[in-house]
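Novice: Show me how the following folds:
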Amino acid sequence: MFNGYDFDELYDLEADPYEMHNLASDPAHAGLLREMAGRMWGRIRETGDFNMLNSHYGMFRYAPVGPGGV
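Specialist: Numbering: from 1, shown residues only. Now for the predicted structure:
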């Protein structure tokens, strides 16, 4: 889902096992992407693992704007 190095990716691995059709930009999957992002940020808060916030990769440093903040 979240890819700080490039564009986000989402695949239906049962229907598309070779990951040829990225569904991340499909509006039909926007709710799923929001849910997955919320779960990711929840896990970050739950575990206190803030390593990606300190990453030298610029895209990761925007992380505090994640759902509910970190």
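Novice: can you pull out the helices in this protein?
Specialist: For the chain, applying DSSP state H gives helices covering 30-47.
Novice: low-confidence ranges in it?
Specialist: Within the chain, the stretches with pLDDT under 70 are 1-5, 53, 55-70.
Novice: Pull out the buried positions in stretch 35-49.
Specialist: Met40, Trp41, Ile44 (16 or more other CB atoms under 10 Å). From N, CA and C alone the C-beta is placed, and that goes for glycine too.
Novice: swap that for stretch 18-32, please
Specialist: Result for stretch 18-32 [16+ other CB under 10 Å]: buried residues Leu23, Ala24.
Novice: related to what we said a few turns ago, which one among the buried residues of stretch 35-49 gets closest to Asn51?
Specialist: Nearest to Asn51 among these is Ile44, at 9.1 Å by CB to CB.
Novice: coming back round to it: with distance to Glu14 added, can I get the buried residues of stretch 35-49 in CSV?
Specialist: Compiled in CSV, these are given as follows (distance: CB to CB, whole Å):
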residue, distance to Glu14
Met40, 22
Trp41, 26
Ile44, 28
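Novice: Kindly indicate which of those lies nearest Leu23.
Specialist: Met40 (17.1 Å).
Novice: Tell me how far the closest one lies from Asp6.
Specialist: Going from Met40 to Asp6 by CB to CB, to the nearest Å gives 17 Å.
Novice: Now do stretch 22-33: distance from first to last residue.
Specialist: 12 Å (CA to CA, to the nearest Å).
Novice: now what about that stretch, what contacts it?
Specialist: Met1, Phe7, Asp8, Glu9, Leu10, Tyr11, Asp12 (CB atoms under 8 Å, 6 or more residues apart in numbering).
Novice: Name the nearest residue to the second one, ignoring sequence neighbours.
Specialist: What sits nearest to Phe7 in space, not counting adjacent residues and going by CB to CB, 6 or more residues apart in numbering, is Ala24, at 7.0 Å.
Novice: That neighbour and Asp8, how far apart?
Specialist: 4 Å.
Novice: doesn't Phe50 make contact with Ile44?
Specialist: Yes - taking contacts as CB atoms under 8 Å, Ile44 lies within contact range of Phe50: 6.7 Å.
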